[in-house]
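# Here you go, sequence then predicted model.
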Amino acid sequence: MQTSFCNKQIAKIMKRIIVGILTLLAVTAGCRAVLKNLNAVPGDYYAAVKTDKPLESKYTAMGQYPVRSFATAVQGKAFRQCKIWYPAELETSDKQYPAVIFANGTGIPCSKYEPVFEHLASWGFIAVGSDEESSWSGLGASQSLELLVSLGSDKNSVFYNKVNTEQIGISGHSQGGVAVINAVNTQKGGRMFRSAFGASTTKHELSELLKWPYDISRFSIPYFAAAGTEGSDAGDGKDRNTGIAPLWSMIENSARMPAYTPSVRARRKDAFHEQMLCKGDGYMTAWFLYTLTGDIEAKNVFAGKNPELKQNQNWQDVEIKNIQ
């Protein structure tokens, strides 16, 4: 009897191991296929994104500020190079600016989506990217934040006294979505982040297999989770081994967050995993304008009796919690 029981337990364990290996191999192959087909984000992507509502159209378009940028080599960090985009007026202005730190997806350094940074800077943000290759721990994002803060304190820097350290957000895609959670929860300076956007965040089960653990149950700052409805993100809707950021994963992550955390969950229709960098950008911009700067018009995307996001035909599976 005991031998039979042990054999059954061993069989169960072996089955789990085999399923885990097959899942990891399948998803790894899928990620490679996605990355192989992923080109750099085109400079005019915002003009090609189909919008459905006025505020989505407004924040998908370029903002009012001309943009400048500069790159700097970095030593002793999780990345070799950092690049920062900012409103050109910053160089002569006396005011401080909000900032957003970016965490890269697998195989997607900031050089592959520079227009996204330029777009955010055109709306008045300082946007910080890097060439980090493995972002999941949040270390690179934390070090990017540290670098920006140090530049804000450097009298020889264009950013001297120009960084509003009370208005810093963090954004990440795919593996970078995992980095967002870990940077806030576990890394030095995590408490400085005031708002977060995670695009197509790798589902928890897959993250564990890839040795990218994260714990969203401790996440307490405003959080917008977005993903696409197409196969590479959504999977087939039945098999938990399919899809990088399926709806069930988004629902589980939302349920694990503290009950008081302001949060938004939404999926962009007709969007594949790699397209969320572009198709989610307009509402990402609105999210940071609202949660970091208090922009009243941008707030209308997420708050009130009829938030635009819930009326938008481009988006589905919308959940908004703790936002009035």
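Arrived safely, thanks for sending.

# what's downstream of the strand ranked longest in the chain, the next helix or strand?
The residue-count maximum for a strand in the chain (DSSP state E) belongs to strand 163-173. Note on strand 163-173: by DSSP states H and E, the next helix or strand toward the C-terminus is helix 175-186.

# Report the contact partners of the residue lying closest to N322 once chain neighbours are set aside.
Leaving aside its chain neighbours, N322 sits nearest to P262 (4.4 Å; criterion: C-beta to C-beta, 6 or more residues apart in numbering). Using the backbone N, CA and C atoms, a C-beta is placed for each residue, glycine as well. Going by C-beta atoms under 8 Å, 6 or more residues apart in numbering, P262 touches P222, Y223, T291, K321, N322, I323.

# Of the residues you listed, which is the nearest to I126?
When these are compared for distance to I126 (C-beta to C-beta), T291 comes out closest, at 15.9 Å.

# Three-state assignment for the closest residue to the closest one other than its chain neighbours, please.
Nearest residue to T291, sequence neighbours excluded (C-beta to C-beta, 6+ apart): S195, at 3.8 Å. Counting by DSSP: H, G, I helix; E, B strand; the rest coil, the backbone at S195 sits in strand.

# Tell me the spacing between S195 and G294.
S195 is 11 Å from G294, where distance means C-beta to C-beta, to the nearest Å.

# Which residue of the two possesses the greater neighbour count?
Between S195 and G294, counted using other C-beta atoms under 10 Å, S195 has the larger neighbour count: 23 against 10.

# which stretches of the chain aren't confidently modelled?
Along the chain, segments meeting pLDDT under 70 span 1-39.

# The same query, at a cut-off of 50, please.
Within the chain, the stretches with pLDDT under 50 are 1-3, 5-38.

# Please enumerate the strands of it.
67-73, 81-87, 97-103, 126-130, 163-173, 193-199, 223-228, 263-268, 315-321.

# Kindly export the longest strand of the chain (C-alpha atoms) in PDB.
Taking Å, rounded to 0.1, in the frame of the first residue of the first chain, the C-alpha atoms of strand 163-173 are listed here in PDB:
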ATOM      1  CA  VAL A 163      13.800  66.500 -11.500                       C
ATOM      2  CA  ASN A 164      10.600  66.400  -9.400                       C
ATOM      3  CA  THR A 165      11.500  63.500  -7.100                       C
ATOM      4  CA  GLU A 166       7.900  63.400  -5.800                       C
ATOM      5  CA  GLN A 167       6.600  62.600  -9.300                       C
ATOM      6  CA  ILE A 168       8.500  59.500 -10.500                       C
ATOM      7  CA  GLY A 169       6.900  56.600 -12.300                       C
ATOM      8  CA  ILE A 170       8.100  53.300 -13.600                       C
ATOM      9  CA  SER A 171       7.000  51.400 -16.800                       C
ATOM     10  CA  GLY A 172       8.000  48.100 -18.200                       C
ATOM     11  CA  HIS A 173       7.000  45.600 -20.900                       C
END
